[in-house]
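J.: dropping the sequence and predicted coords here.
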Amino acid sequence: MARVRMTRNPLTAVAVVLTLAAAVAAGWGGVSRYDAGHDASAAYAQARDDALAAGEQAVQNMNTLDHRKLEKGLDSWEDSTTGDLHKQLVDGRDVFVKQIRQAKTVSTAQVLSGAVTELDDRAGKAGVMVALRVTVTAPKGKPAVKESRMLGQLTRTSEGWKLNALGQAPVGNTAG
């Protein structure tokens, strides 16, 4: 039987060890990445972030209106809503147009902060609280600035998260 002569080169041994270490690290990284991408908590966090972003934008839209661009502003309100709130806006649009044209006001809202207060991702329901700074400018006089907190209820639709209810959050001590 012929004997194969192997030389023991230390560089070859180091190269083999480094190659094996790299293969193990790549495999571990791939498994970790797969697990992270299929982790339920990551999907839940993404749904929460999506709901918050949509909620903040919708609340800002609902508190921003310029009498000179009234149709565009009201369209934005309707695009931000669903359910009963959407129906109320559509049904009351003509009356609201008259009121805003007569008042000739401009309101702009800036989101200061927001948080998801509840999230049922399976049911497609979420709640948000959004802190706003709203500036209302009348035709004469100085702009009035008010900070407020709004509570919104969201429903996930085929177009994304939309407001189905919006109201003022209680402020201060409400205990009697």
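T.: Cool, got the structure.
J.: next secondary structure after the top helix by length along the chain?
T.: Taking DSSP state H as the criterion, the chain has its longest helix at helix 10-37. Once helix 10-37 ends, the next helix or strand along the chain (criterion: DSSP states H and E) is helix 40-62.
J.: buried residues in that following helix?
T.: 47, 50-52, 54-62 (16 or more other Cβ atoms under 10 Å). C-beta here means a position set from N, CA and C on the backbone, and glycine is covered the same way.
J.: which one of those residues is nearest to T135?
T.: Q60 (12.3 Å; Cβ to Cβ).
J.: still on that earlier bit, can you pull the buried residues of the longest helix of the chain?
T.: Across helix 10-37, burial judged by 16+ other Cβ under 10 Å covers no residue at all.
J.: what mean pLDDT does that helix get?
T.: Helix 10-37 carries an average pLDDT of 79.
J.: okay, the angle between that helix and helix 40-62?
T.: 50 degrees (axes from the mean of the first three to the mean of the last three Cα atoms, to 10 degrees).
J.: quick one: low-confidence parts of the chain?
T.: Residues of the chain that meet the criterion pLDDT under 70 lie in 1-7, 35-39, 173-176.
J.: so which residue is dead centre in it?
T.: Ranked by distance to the mean C-alpha position of the chain (Cα atoms, centre = their mean), the top residue is A53 at 1.6 Å.
J.: tell me the spacing between that one and S107.
T.: Per Cβ to Cβ, to the nearest Å, A53 is found 22 Å from S107.
J.: next: R93.
T.: For R93, the distance to S107 - Cβ to Cβ - is 17 Å.
J.: tell me if I'm right that V136 and T105 touch.
T.: Yes - contact criterion Cβ atoms under 8 Å: V136 and T105 qualify, at 5.8 Å.
J.: and the end-to-end length of stretch 78-95?
T.: Distance across stretch 78-95, first residue to last, is 15 Å (Cα to Cα, to the nearest Å).
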